[in-house]
Structures are given as structure tokens and as C-alpha cells.
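Q: Just need the structure, nothing else, for what follows:
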Amino acid sequence: MMQSLDIPLLRSFLAIARTGSISAAAGQVGRTQSALSMQMRRLEDITRQPLLHRTGQGMALTAAGERLLAQAERILAAHDEALDAITGRALSGALSVGCPEDYLTSFFPALLRGFAAAHPAVDIEIHCAPTVELHGLLRRRRVDLALTSVAEGATGVALLREEPLVWVAADPAPAFLSDPVLPLALSAPETLDHRAARMALDQAGRAYRLAFASASLAGLLAVARAGLAVSVVTRSAVPGDLYVLADGLPPLPRLGVTLSQASDNPSPLARAFADYVTCALTDGPRLKGVFETR
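A: Numbering: from 1, shown residues only. Purely as a prediction, here's the structure:
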């Protein structure tokens, strides 16, 4: 007799694949760790393949597990969509979303307010990380979707909007602008804002030094507030107590904001959130509270 892939087994498998941990997945699906382990043994019996193996960082998928993951996402998406259509039930469940810190600060408060008002039964988990790390989280299915940045002029990607990078400081005309070597506070070297700032200064022939480095937007803004250096952020993330420097420094490029999905077969919930974000962030009508002029 042909074996069947049970929906609860696939949901538990998907939770482990995304979290990389049986304990974290158990909390998501509302089962004990021992029950979840038994489910995975049952799933491996059905598929006659080892699907998971332990690593130093937790649980990882085998080659067979990777193949099953793509099919599980497709099956669960179709199942949930069919059930929603038949029962007319509201969206519910958990969604994992990634974004850089400046977008979390400027975009997400209004986005989350609006989506939560429309879908109060949905729980959203936010992973805040630079774009380069978010791509890894998407590949490993640790987030369902993510807002990421691309360099100005990037091709082959659908942009939601563009965000200009700007120089910021605690004073509209800081004294260190006249220094022979400009003090900078920048994020990690692989980030787009870090590379754009140094390239602009190099092309302008302006001497500079990396006085402060921080992986956190809050850290960069703290240095700028202290009057110790000039930093670079997206225009929409500039807080009201800092100034955008328009004179004395070379212009910076714009970043493209794009939305990436972890799966080619996203769940109805992931599709609904993606549609909501796309509508809110594309140029045109905007949600009240988003992109307010600073």
C-alpha cells in the first residue's frame, strides 16, 4: 500500500528545517521535543530516506531532506490555500521576516501595524540583519521572506522603491569637515553603505579614516550624535536629531529595496504579507505613517 505524507509531519519537518533546531521547532508547532523526534522518525520511515542529521550548530537537512523541503512547501501552500478558500477562515499562523536595521526603523512600524490590524491572528517574527546575512537566511529557509538592498543600477531584480544614502552628523556644519582627514563611522566592510561611502570619497580625492565601526545602526547613530564622526544611512532612517550634510561631501548613490522569498511555493500567509509590503512600499499611494518627512 502506498504511504501518505501527513500534513502534521510536513509542518513539523518544515519547522525544523527553518529553525535548525528541534527545541525551537517544538515551540513553534506546539509539541514536545520527544514527540517531534518521533514524528521525524516516522517521516523517514515513510520516505525511506534519512532527512536530517546533527551538526555542531543543530539540525541540518540531508540531500533527501533538501528535496523534500521544496515539495513540503508546495504541498503545505496548496493545502492551506484550499482550506482557506473552502472555510473562508482568516489568515493565521507564524511568519518569519528579515530586514536590515534601517528598514526596520523606518518602514516596519507602520507595516506591522497595518498588517496586524487586517490579520490579528498572525504572529510575525523579525530577523534584523544586513542584506548579506539575510541572503544566507533565505537560502537556509530561516526566514520566509526578507527586504534586502541592491546597489544602484542593479539589473534582474524587481525594485519596490529606491532609498538615497546620505551623510549624517550631529551638527549641520561639523568642525571636522575641515579636517585634513575626515573621521567616518561605518558599518561592516561588505555592506553597500560602507562600500558606497568609501568609493565616493576615493573618487572625490577626499582623505578619510575609519574612526568607528559598528554592525548596528544604533551604534553608528550614537557616534554621529556624539559629534565624533560622520556616518552614512538611508534617508528614511535619519532620526530627527541628526542633520543630513548636503555640502562639503561627495554625493552618495541610491539603494534599491527589493523583496525576496525563501520559497518558490510560498504559503498563503507569506504571499499575503509580500503583497501587502509591495503595495505599501512601491512608489504611489503609501500607508499613513510610512516615509514621513523627517
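Q: tell me which strands and helices the strand of greatest length in the chain is in contact with?
A: Longest strand in the chain, counting residues (DSSP state E): strand 159-169. In terms of contacts (3 or more CB pairs under 8 Å, 6 or more residues apart in numbering; DSSP states H and E), strand 159-169 is packed against strand 145-151, helix 192-204, helix 217-225, strand 230-234, strand 243-244, strand 254-261, helix 268-281. For glycine as for every other residue, the C-beta is placed from the backbone atoms N, C-alpha and C.
Q: Can you give the contact residues for the helix or strand of the chain with the lowest mean pLDDT?
A: Taking mean pLDDT, DSSP states H and E as the measure, the helix or strand of the chain with the lowest value is helix 63-87, at a mean of 82. Around helix 63-87, the neighbours that count as contacts under CB atoms under 8 Å, 6 or more residues apart in numbering are 5, 7, 10-11, 13-14, 17, 47, 49-52, 61, 89, 91, 141, 263-269.
Q: thinking again about what came up before, mind putting the helices and strands packed on strand 159-169 in a markdown table, mean pLDDT, mean neighbour count and distance to residue 84 included?
A: Formatted as a markdown table, the helices and strands packed on strand 159-169 follow (pLDDT from 0 to 100; neighbours: other CB atoms under 10 Å; distance: least, CB to CB, whole Å):
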| stretch | mean pLDDT | mean neighbour count | distance to residue 84 |
| --- | --- | --- | --- |
| strand 145-151 | 93 | 21 | 19 |
| helix 192-204 | 95 | 17 | 38 |
| helix 217-225 | 93 | 19 | 37 |
| strand 230-234 | 95 | 25 | 36 |
| strand 243-244 | 95 | 16 | 45 |
| strand 254-261 | 92 | 20 | 19 |
| helix 268-281 | 88 | 18 | 6 |
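Q: can the ones you listed go into a markdown table with extra columns for distance to residue 176?
A: Formatted as a markdown table, those follow (distance: least, CB to CB, whole Å):
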| stretch | distance to residue 176 |
| --- | --- |
| strand 145-151 | 28 |
| helix 192-204 | 14 |
| helix 217-225 | 11 |
| strand 230-234 | 7 |
| strand 243-244 | 13 |
| strand 254-261 | 25 |
| helix 268-281 | 35 |
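Q: Spit out the contact partners of residue 36.
A: 12, 16, 22, 25-26, 29.
Q: swap in residue 150?
A: Applying CB under 8 Å, 6+ apart, the residues contacting residue 150 are 131, 157, 159, 192, 255-256, 258.
Q: Leaving out the residues flanking it, which one is nearest to it?
A: Distance criterion CB to CB, 6 or more residues apart in numbering; nearest residue to residue 150, sequence neighbours excluded, is residue 256 at 4.3 Å.
Q: Quick check: the one you found touching residue 156?
A: No: contact between residue 256 and residue 156 fails when scored by CB atoms under 8 Å: they sit 11.2 Å apart.
Q: I'd say residue 278 and residue 258 touch.
A: No: counting by CB under 8 Å, residue 278 stays clear of residue 258, with 10.1 Å between them.
Q: Overlap in contacts, these two.
A: With CB under 8 Å, 6+ apart, residue 278 and residue 258 have common neighbours residue 160.
Q: and the closest residue to residue 40 other than its chain neighbours, what pLDDT?
A: Closest residue in space to residue 40, ignoring its immediate chain neighbours: residue 52 at 6.1 Å, by CB to CB, 6+ apart. In the predicted model, residue 52 carries a pLDDT score of 93.
Q: looking at the helices and strands packed on strand 159-169, which is closest to residue 136?
A: Closest approach to residue 136 among the helices and strands packed on strand 159-169 (CB to CB): strand 145-151, 10.4 Å.
Q: can you state the direction angle for the closest one and strand 254-261?
A: Calculated by axes from the mean of the first three to the mean of the last three CA atoms, to 10 degrees, strand 145-151 forms an angle of 150 degrees with strand 254-261.
Q: Next up, phi/psi of the residue nearest to residue 195 when sequence neighbours are not counted, please.
A: Spatial nearest neighbour of residue 195, excluding adjacent residues (CB to CB, 6+ apart): residue 189 at 7.4 Å. Dihedral pair for residue 189: phi -60, psi -30, per degrees, to the nearest 10.
Q: Looks like residue 189 contacts residue 210 (just checking).
A: No: with contacts counted by CB under 8 Å, residue 189 stays clear of residue 210, the gap being 9.0 Å.
Q: how much space between the residue nearest to residue 195 and residue 197?
A: Computed with CB to CB, to the nearest Å, the distance linking residue 189 and residue 197 is 11 Å.
Q: Over to residue 157?
A: Counting by CB to CB, the separation of residue 157 from residue 197 is 22 Å.
Q: same thing with residue 205?
A: Remark: distance between residue 205 and residue 197 (CB to CB) = 15 Å.
Q: That's all I had, so thanks and see you.
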